[in-house]
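Trainee: 3D, please:
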Amino acid sequence: MGIKDLRADERPREKLLARGAGSLSDGELLAVLLRSGNRDSSVLDLARELLDLADGRLSALFNLSQDRMLSLSGIGPGKASSVLAAFELGRRFLQEESAVVKSPVLTARRVHDLMIPRMKGLQHEECWVLFLNDHQYLVGKLLISSGGGNSTTMDIRQIIRAALDKGASALILVHNHPSGNPTPGQADIRRTEELKKGLSAVGLTLLDHVVIADDSCYSFADDRMYRV
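Mentor: Next comes the predicted model:
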């Protein structure tokens, strides 16, 4: 069934304008981004094919490469760019919202809530530092490394310089495990000890190292795993 065969109020774009974006399914929202189908498929069919390519999961679609999208008949650079841009805007929106911290960062769960908009669904490791003032309010955060499938590197001197520039007195190290298991490995333990020692030498405190794996996290300070 083509778009023209649907009632006007059931067509994705018209439905969005009349009822709001929340009334649309994932496939219908994608159809709005794709705008049109091709000779063999309606835009709704094309949207469903794209979702199927990601096993129906938005987190997988988020990580889908442009080349994979272009492998679908009917999706060219323009359509692929629209989808990629929409996901990037969504990610930036979540980061912007989470940057407004009106309460001190005291727990691993709070760290998880701050960083999950950035780290959810990533297929590579990223390592961040959160900079806190004397009252443990967030005064800044910095991406210090972005690795391949399962590893990151860390420049302690870069972290110290950034902390001093921001007037921070304490830091929290955060990185993700794409495997879904937040349990730290030997490299994580070694990295934590090295950073703690380096910060201590200049009067800075490492409050915690939190390992995030989507709906769970591990806190070095508490030495335990949390389900979020």
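
Trainee: show me the domain layout of the chain.
Mentor: Listed by automatic domain parsing, the domain ranges of the chain are 3-96, 103-227.

Trainee: isn't R35 right up against K79?
Mentor: Yes. Contact criterion Cβ atoms under 8 Å: R35 and K79 qualify, at 7.3 Å. From N, CA and C alone the C-beta is placed, and that goes for glycine too.

Trainee: so which of these two has more stuff around it?
Mentor: The neighbour comparison of R35 against K79 (other Cβ atoms under 10 Å) goes to K79, with 22 against 13.

Trainee: doesn't the more buried one fall inside a helix?
Mentor: Yes. Counting by DSSP: H, G, I helix; E, B strand; the rest coil, K79 is found in a helix.

Trainee: got a list of what the nearest residue to it once chain neighbours are set aside touches?
Mentor: Computed as Cβ to Cβ, 6 or more residues apart in numbering, the closest residue to K79 that is not its neighbour in sequence is L34, at 5.0 Å. Applying Cβ atoms under 8 Å, 6 or more residues apart in numbering to L34 gives the contacts 43, 46-47, 50, 75, 79, 82-83.

Trainee: nearest spatial neighbour of V43, chain-adjacent residues omitted?
Mentor: Counting by Cβ to Cβ, 6+ apart, the nearest residue to V43 once its immediate chain neighbours are dropped is G37, at 4.1 Å.

Trainee: my guess is that neighbour contacts S73. True?
Mentor: No. In terms of Cβ under 8 Å, G37 does not count as a neighbour of S73; the distance is 10.3 Å.

Trainee: centre of the chain to the least confident helix or strand in the chain by mean pLDDT, how far?
Mentor: One helix or strand of the chain scores below all others by mean pLDDT, DSSP states H and E: helix 77-98, with a mean of 84. Relative to its parent chain, helix 77-98 has a centroid offset of 11 Å by Cα atoms, centre = their mean, to the nearest Å.

Trainee: mind listing what's buried along that helix?
Mentor: Buried positions in helix 77-98, judged by neighbour count with 16 or more other Cβ atoms under 10 Å: 79-80, 83-84, 87, 98.

Trainee: now, the most widely separated pair of those residues?
Mentor: K79 and S98 (29.7 Å; Cβ to Cβ).

Trainee: skip the chain neighbours and tell me the closest residue to F220.
Mentor: Leaving aside its chain neighbours, F220 sits nearest to H209 (4.1 Å; criterion: Cβ to Cβ, 6+ apart).

Trainee: do you know how far that neighbour is from G27?
Mentor: Distance, H209 to G27, by Cβ to Cβ, to the nearest Å: 40 Å.

Trainee: what does W128 give?
Mentor: Distance from W128 to G27, by Cβ to Cβ: 33 Å.

Trainee: mind checking which of the two has more residues around it?
Mentor: Shown here are W128 and G27; by other Cβ under 10 Å, W128 has more neighbours (23 against 19).

Trainee: measure stretch 32-39 end to end?
Mentor: End-to-end distance for stretch 32-39: 18 Å, by Cα to Cα, to the nearest Å.

Trainee: let me redo that: stretch 119-132
Mentor: End-to-end distance for stretch 119-132, by Cα to Cα: 20 Å.

Trainee: show me the shaky parts of the chain.
Mentor: For the chain, the stretches with pLDDT under 70 are 1-5, 8, 96-102, 148-153.

Trainee: which parts of it are strands?
Mentor: When secondary structure is read from DSSP state E, the chain shows strands at 126-132, 138-146, 170-176, 205-213, 216-219, 224-227.
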